[in-house]
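Q: from the sequence below, what's the structure:
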Amino acid sequence: MAQESSPDPSGSGHDVGRVVLRASVPLALRGLGIAALGLGAVVLASLVVGGLLEGGARTFLLVVLGVIALPLVGALLTALTRLLGRGARFVHSSEGFENRTSWLGVGRRRGTWPEVTSLREMRDVLVIDLGPQARSLVDCRVLGRTPASVGAEIRPYVGRPPR
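A: Prediction:
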């Protein structure tokens, strides 16, 4: 988890700068290792299948191995993106927040603190309610944090007018 913040000069204890929560480097390295290990196993299996089988059975198993490799390539790219610091993040400041942790199209990406009506924890997700029909879902797993810790960090801002 990487954080960037600046303390409030008034001494109130709140940050006026941006706080950026990102996936930790160990989480990105773990994903990179798992994806690389899986891809290595697929390549090894394809070499064995290519050498031992012929005809339709070989073609079928190579296609199956190719299908298995696709999500592993996606996991590898995701891990590299996180390692470079361009992956999932949750940014908050005294004005509002920006959520880049959930799947595309799920919940709102941005909000201001006066819009926030409540915070709820559901398993690994912090739900930020933004009125009766809108919410933002913060997937805390990708940040390496718990919903309780992220909620405790932003709770002082909820419902507060911007400075």
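
Q: got the residue ranges for the strands in this structure?
A: Secondary structure of the chain (DSSP state E): strands located at 19-22, 89-92, 96-100, 110-112, 118-122, 125-129, 135-139.

Q: strand partners (parallel or antiparallel) of the third one?
A: Just to be clear, that refers to strand 96-100. Each strand that pairs with strand 96-100, with its direction, by DSSP bridges: strand 89-92 (antiparallel), strand 110-112 (antiparallel).

Q: would you list the ones you listed in TSV and tack on mean pLDDT, mean neighbour count and distance to L62?
A: No exception for glycine: its C-beta is placed from N, CA and C like everyone else's. Below are those laid out as TSV (pLDDT from 0 to 100; neighbours: other CB atoms under 10 Å; distance: least, CB to CB, whole Å):
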stretch	mean pLDDT	mean neighbour count	distance to L62
strand 89-92	90	21	38
strand 110-112	89	16	45
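
Q: in CSV: those strands, plus distance to R120.
A: Below are the strands paired with strand 96-100 laid out as CSV (distance: least, CB to CB, whole Å):
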stretch, distance to R120
strand 89-92, 16
strand 110-112, 15
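
Q: how is the chain partitioned into domains?
A: By the record's domain assignment, the chain is partitioned as 19-23+90-157, 26-83 (automatic domain parsing).

Q: now do the first one: distance from first to last residue.
A: Its first and final residues considered, domain 19-23+90-157 spans 13 Å by CA to CA, to the nearest Å.
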